[in-house]
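Enquirer: I would like the atomic coordinates for the input below:
(one chain, ligands or ions: 1)
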Amino acid sequence: MEIIKVDHLRKVYGSTVAVDDVSFTVESGEIFGILGPNGAGKSTTVETIAGLRKLDHGEIEILGLSPDNPELRRRVGVQLQESELPEKMRVREALDLYATFYPDPADWRELARDLGLSDKLDTRYGKLSGGQKQRLSIALALIGNPEIAILDELTTGLDPQARRDTWSLIESIRDRGVTVLLVTHFMEEAERLCDRIAVIDSGRVVALDTPAGLVSQVSTEQRIRFRPSADLDDRKLAALPDVRTVHRHGRTIEVVGTGNVLHSITSHLAAAGIIAEELRVEQATLDDAFVRLTGRDDG
Ligand code: ADP
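Expert: Now for the predicted structure:
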């Protein structure tokens, strides 16, 4: 069942087009990822879905309602970037306060336990670590027992261990039957967690697929790295059949191509009497798919 429908969303700030034309649907029970480089329009998209910003053009339906429907405040949990609480507020006070916002809140003690915050209840917000703050913000997003959780750049700034803990947590949120809309610019995170991913660039959806599907879009591509034993003209390499790009990283040459690119290169080298040292052929990854789709490399 489709529970979020975004149709030709457009959002402009003055002369900046934050979201140009974004459409996708989210199915009930899935973890849907929005992946893209900084400034792509991810936050604007989810904040518009969450009813926090007004759309300029297009249509959004969430749980069959318009994003500004007040009923959604209790049915959708939102964890946004930089949701700061007062430094002096204790964890217990924050949970208690947020619970009063909802008609049928979750038991916050249970949530705190699930999120590993039980022994932090008397700690002030300002004294929490980055990971603990994130876990608290997730608890606050879930306290209303939402049907949908919107999580924006949840793991940015976390160390690798805290990031992995957060991933298990997101999976456990989904296991409770909550649909998750997750904004991220971490490839590994999207790959590990998401059932489907919309890749957004410059305010547009450039691809929408499962992580494996995105990879297979570029998997005909091969990446070949080697160190030539003698001087080599990059332009001649670039002109070979099936070669798409040629780059240098120090003494290493990296060729990306399709089809028989490996054969093209090795026969060219053999004819020139050059040996390919440290030759490696790599499979496509989600990283490659991302770079191909967005033309950028800041995931
Ligand atoms: P992302 O979340 O992918 O990093 P954002 O949605 O935050 O992207 O931003 C998309 C574009 O819109 C950026 O160029 C950003 O500078 C601009 N933008 C976002 N919010 C505002 C705002 N309130 N006023 C003006 N420009 C904004």
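Enquirer: Please see if the helix or strand containing T44 touches the ligand.
Expert: Using DSSP states H and E, T44 sits within helix 42-49. Yes. Using CB under 6 Å from any ligand atom, helix 42-49 reaches the ligand at 42-44. Quick note: C-beta positions are derived from backbone N, CA and C, even for glycine.
Enquirer: Highest neighbour count among these?
Expert: K42 (26 neighbours; other CB atoms under 10 Å).
Enquirer: got the contact list for that one?
Expert: For K42, the contacting residues are 34-36, 152, 183, 185, 200, by CB atoms under 8 Å, 6 or more residues apart in numbering.
Enquirer: and if you look at F24?
Expert: 6, 32, 198, 205, 208.
Enquirer: now T252
Expert: Applying CB under 8 Å, 6+ apart, we find T252 in contact with 225-227, 278.
Enquirer: Let's see that with 6 Å instead.
Expert: Contacts for T252 (CB atoms under 6 Å, 6 or more residues apart in numbering) come out as 225, 227.
Enquirer: and if you look at T220?
Expert: Counting by CB under 6 Å, 6+ apart, T220 makes contact with T258.
Enquirer: how about it, phi and psi?
Expert: The phi/psi pair for T220 (degrees, to the nearest 10) reads phi -70, psi -10.
Enquirer: And the one 10 residues further on, by the same measure?
Expert: Phi and psi for A230, reported as degrees, to the nearest 10, are phi -150, psi 170.
Enquirer: Any figure for the gap between the nearest residue to it once chain neighbours are set aside and I253?
Expert: Excluding the flanking residues, the one nearest A230 by CB to CB, 6 or more residues apart in numbering is I274, at 5.0 Å. Separation of I274 from I253 (CB to CB, to the nearest Å): 11 Å.
Enquirer: And these two? Which one has more around it.
Expert: Taking other CB under 10 Å, I274 and I253 do not tie; I253 has more neighbours (19 against 15).
Enquirer: now the one helix or strand that one maps to: how far from the chain's centre is it?
Expert: I253 is located in strand 252-258, with elements delineated by DSSP H and E. Distance, stretch centre to chain centre, for strand 252-258: 27 Å (CA atoms, centre = their mean, to the nearest Å).
Enquirer: who does it pair up with?
Expert: strand 221-228 (antiparallel), strand 243-249 (antiparallel) (DSSP bridges).
Enquirer: is it possible to export the ones you listed to TSV including distance to C194 and mean pLDDT?
Expert: Formatted as TSV, the strands paired with strand 252-258 follow (distance: least, CB to CB, whole Å; pLDDT from 0 to 100):
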stretch	distance to C194	mean pLDDT
strand 221-228	22	91
strand 243-249	27	94
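Enquirer: Single out the most deeply packed of these.
Expert: Mean neighbour count (mean count of other CB atoms under 10 Å) peaks for strand 221-228 among these, with a mean of 18.
Enquirer: what's that strand in contact with?
Expert: Contacts of strand 221-228 (CB under 6 Å, 6+ apart): 251-252, 254-256, 258, 261-262, 274, 276-282, 284.
Enquirer: and with 8 Å instead?
Expert: For strand 221-228, contacts defined as CB under 8 Å, 6+ apart pick out 244, 249, 251-258, 261-262, 265, 269, 274-284, 288, 292.
Enquirer: closest to D20 among the residues of helix 42-49 next to the ligand?
Expert: D20 has its nearest neighbour among the residues of helix 42-49 next to the ligand in T44, at 10.5 Å by CB to CB.
Enquirer: Find the nearest non-adjacent residue to the closest one, please.
Expert: A18 (4.2 Å).
Enquirer: for that neighbour, what are its contacts?
Expert: Residues in contact with A18 (CB under 8 Å, 6+ apart) are 11-12, 41, 44, 203.
Enquirer: Quick one, grab the pLDDT at it.
Expert: Note for A18: predicted pLDDT of 96.
Enquirer: And the one 10 residues further on, by the same measure?
Expert: For S28, the model assigns a pLDDT of 96.
Enquirer: my read: it touches L63, true?
Expert: No. With contacts counted by CB atoms under 8 Å, S28 stays clear of L63, the gap being 9.5 Å.
Enquirer: between these two, which one's more packed in?
Expert: Higher neighbour count among S28 and L63: L63, with 17 against 14, using other CB under 10 Å.
Enquirer: Got the phi and psi for that one?
Expert: Main-chain dihedrals, L63, degrees, to the nearest 10: phi 50, psi 40.
Enquirer: Surely it is in contact with V76?
Expert: Yes. At 7.4 Å, L63 counts as touching V76 under the criterion of CB under 8 Å.
Enquirer: and for these two, which residues touch both?
Expert: In contact with both L63 and V76: 147-148, using CB under 8 Å, 6+ apart.
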